[in-house]
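> structural data only, the sequence is not supplied:
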């Protein structure tokens, strides 16, 4: 008897857990919705060093987990009118990609959820849930139950996104504002 | 179909409707439908120390001028208190603050729980007569959904829906299959057409991912479980989930019927 059999049981349990997900907007659609007046978006991806990440955490009380943040300058002719930032948050039950628009004064203009995924159920361990997203981008979604069109359930908190926006404002403060 | 989601009302709000073919008009409708919801949030948030509701809570004994939507909801909450024999009680704010479930912005002493007699509404003003704290959290989310739906109907949008973290309403020629998220995962629940549906869960323990809490007039939590209700409007569906959570299983169907609603047994 070979010894690989017990290992086989673990991924099966993860695959059978149902998940729900919707893509609401692409990057281009979110840019257009949040900055309708902009004529162009200049890619300005930010690479953060450890000091900057610590500073962001000190300002926002939220850990800046990744070193790279996808940022664009929203341009109206030659004039910058704001910042467009794509961010993601992973909670116990939800995985969310969203866009935030920040104006030149550092105020949030708006937030749009671009991609929303959730899973819930006693059999889904938090580790398995998180593992599904290793290397995931919008084009490689996890296995979704396409039959689930809309969900009613106990109210899921949006605190993860609220904290994410707090973090982005701190990033704006420490890095983006200093750049300009 | 146009579908958008934004973080609002402490949860995720999805709005969807038939595209008109005119993308500028569609965008305007999205913005306005979301701003109907933001309007309710800014008036009735317990968490926001500057909301209209917080102004009322901070000044017991004084008449406070309020926007018509807040006045309307206070009326609804009060009449529901009496019609449900006190099971729906919006004066439990003090208890929830003491439990650290709601934040405190209050320097005065307050009672943990009061009754529907402890405040009155007159014209566009309201007054708290005993120092209680009103929370409209058990009803405002549904009401916000109704406001956005009413706007879309006024705009003559053919069909659509609003889902505020489980409080949802569908209108027009659209039949929408709904799943319930509960402790077992996702289960097929019902098909909604021109109807509202709300789901609440009674928890035995605090869960920060699902922050809602249901308590009775003594501050006790009911038996754990997930309860879904359909009704003609979202505010009554939202409110009735709390009433039914505090009602024995065998009586739930009859109580729901009394309010023109339906208790969905899973």
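Perfect, I can see it now. As the structure is a computational prediction, the values presented were derived from the model and not from experiment.

> just after the helix or strand where residue B:256 lies, pick out the following helix or strand.
According to DSSP states H and E, residue B:256 maps onto helix B:249-258. Using DSSP H and E, the helix or strand that follows helix B:249-258 towards the C-terminus is strand B:262-264.

> so what touches that following strand?
Strand B:262-264 is contacted from outside by B:180, B:189-190, B:197, B:227-231, B:244, B:252-253, B:255-256, using Cβ atoms under 8 Å, 6 or more residues apart in numbering or on different chains. All C-beta spots, glycine's among them, are computed from the backbone N, C-alpha and C.

> for that strand, what is the average pLDDT?
The average of the pLDDT scores along strand B:262-264 is 96.

> from the chain's centroid, how far away is that strand?
Offset of strand B:262-264 from its chain centre (Cα atoms, centre = their mean, to the nearest Å): 17 Å.

> in its sheet, what does it sit against?
Take DSSP bridges as the rule and strand B:262-264 pairs in its sheet with strand B:225-231 (antiparallel).

> ok, and the closest non-adjacent residue to residue B:78?
Nearest non-adjacent residue to residue B:78, counting by Cβ to Cβ, 6 or more residues apart in numbering or on different chains: residue B:116, 5.1 Å away.

> from chain A, how far out is the residue nearest the centre of chain B?
Nearest residue to the geometric centre of chain B (Cα atoms, centre = their mean): residue B:139, 2.7 Å. Per Cβ to the nearest Cβ, to the nearest Å, residue B:139 is found 13 Å from chain A.

> is it fair to say residue B:21 lies in a strand?
No. Going by DSSP: H, G, I helix; E, B strand; the rest coil, the assignment for residue B:21 is coil, not a strand.

> nearest residue to residue 83 other than its sequence neighbours?
Went with chain A since none was named. Computed as Cβ to Cβ, 6+ apart, the closest residue to residue A:83 that is not its neighbour in sequence is residue A:102, at 4.5 Å.

> ah, no, chain B please
Once flanking residues are discounted, residue B:83 sits nearest to residue B:259: 7.5 Å by Cβ to Cβ, 6+ apart.

> what's the burial count for that neighbour?
By the criterion of other Cβ atoms under 10 Å in any protein chain shown, residue B:259 has 19 neighbours.

> residue B:136 too?
Neighbours of residue B:136 (other Cβ under 10 Å): 24.

> show me the helices in the chain, by range?
In the absence of a named chain, this looks at chain A. A:5-15, A:27-34, A:50-60, A:126-131, A:159-171, A:177-179 (DSSP state H).

> looking at chain B here, not the other one
B:23-44, B:52-58, B:68-83, B:93-98, B:140-154, B:234-245, B:249-258.

> would you turn those into CSV with mean pLDDT and mean neighbour count?
Output for the helices of chain B, formatted as CSV (pLDDT from 0 to 100; neighbours: other Cβ atoms under 10 Å in any protein chain shown):
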stretch, mean pLDDT, mean neighbour count
helix B:23-44, 96, 18
helix B:52-58, 97, 21
helix B:68-83, 97, 18
helix B:93-98, 94, 22
helix B:140-154, 97, 23
helix B:234-245, 95, 28
helix B:249-258, 95, 14
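
> out of those, which is closest to residue B:216?
Residue B:216 lies closest to helix B:234-245 among the helices of chain B, at 9.0 Å (Cβ to Cβ).

> center of chain A, which residue is that?
Central residue of chain A (Cα atoms, centre = their mean): residue A:88, at 1.2 Å.

> if we ignore the residues flanking it in sequence, what's nearest that one?
Nearest residue to residue A:88 in three dimensions, chain neighbours excluded: residue A:97, at 4.7 Å (Cβ to Cβ, 6+ apart).

> in the sheet, who's paired with the one you found?
Going by DSSP bridges, residue A:97 forms beta bridges with residue A:88, residue A:115.

> my read is that it contacts residue A:70, right?
No. Residue A:97 is not in contact with residue A:70 according to Cβ atoms under 8 Å; the separation is 10.0 Å.

> and these two? which has more neighbours close in?
Per other Cβ under 10 Å, whichever of residue A:97 and residue A:70 has more neighbours is residue A:97, with 22 against 17.

> so what's that one up against?
Going by Cβ under 8 Å, 6+ apart, residue A:97 touches A:86, A:87, A:88, A:113, A:114, A:115, A:138.

> put the buried members of those into a ChimeraX selection.
The ChimeraX selection below is limited to those of these classed as buried (16 or more other Cβ atoms under 10 Å in any protein chain shown):
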select /A:86,87,88,113,114,115
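
> so which of the contacts of residue A:97 is the closest to residue A:55?
When the contacts of residue A:97 are ranked by distance to residue A:55 (Cβ to Cβ), residue A:87 comes first, at 17.4 Å.

> okay, now the closest residue in space to residue A:166 that isn't next to it in sequence: neighbour count?
Leaving out its chain neighbours, the residue that sits closest to residue A:166 by Cβ to Cβ, 6+ apart is residue A:60, at 4.5 Å. Neighbourhood size, residue A:60 [other Cβ under 10 Å]: 20.

> shouldn't residue A:60 be in contact with residue A:165?
No. Applying Cβ under 8 Å, one finds residue A:60 not in contact with residue A:165, separated by 9.2 Å.

> which neighbours do residue A:97 and residue A:70 share?
What both residue A:97 and residue A:70 touch, as defined by Cβ under 8 Å, 6+ apart, is the set A:86, A:87.

> check contacts around residue 37.
If you meant another chain, say so; for now it's chain A. A:76, A:81.

> can you look at chain B instead?
Contacts of residue B:37 (Cβ under 8 Å, 6+ apart): B:8, B:9, B:13, B:144, B:145, B:147, B:148, B:162, B:164.

> and for residue B:19?
So residue B:19 contacts B:1, B:2, B:26 (Cβ under 8 Å, 6+ apart).

> closest to residue A:77 among these?
Of all these, residue A:77 sits closest to residue B:26, with 26.3 Å by Cβ to Cβ.

> show me the contacts for that closest one.
B:2, B:19, B:20.

> still on that earlier bit, wait, the residue nearest to residue A:83 sits on residue A:111?
No. If you go by Cβ under 8 Å, residue A:102 and residue A:111 don't touch, sitting 10.2 Å apart.

> enumerate the residues of the stretch 1-150 of chain B near chain A.
B:3-8, B:10-12, B:14, B:27, B:30, B:141 (Cβ under 8 Å from any Cβ of the partner chain).

> show the buried residues in the residues you listed.
Listed as buried from those are B:4, B:5, B:6, B:7, B:8, B:10, B:11, B:12, B:14, B:30, B:141; burial here means 16+ other Cβ under 10 Å.
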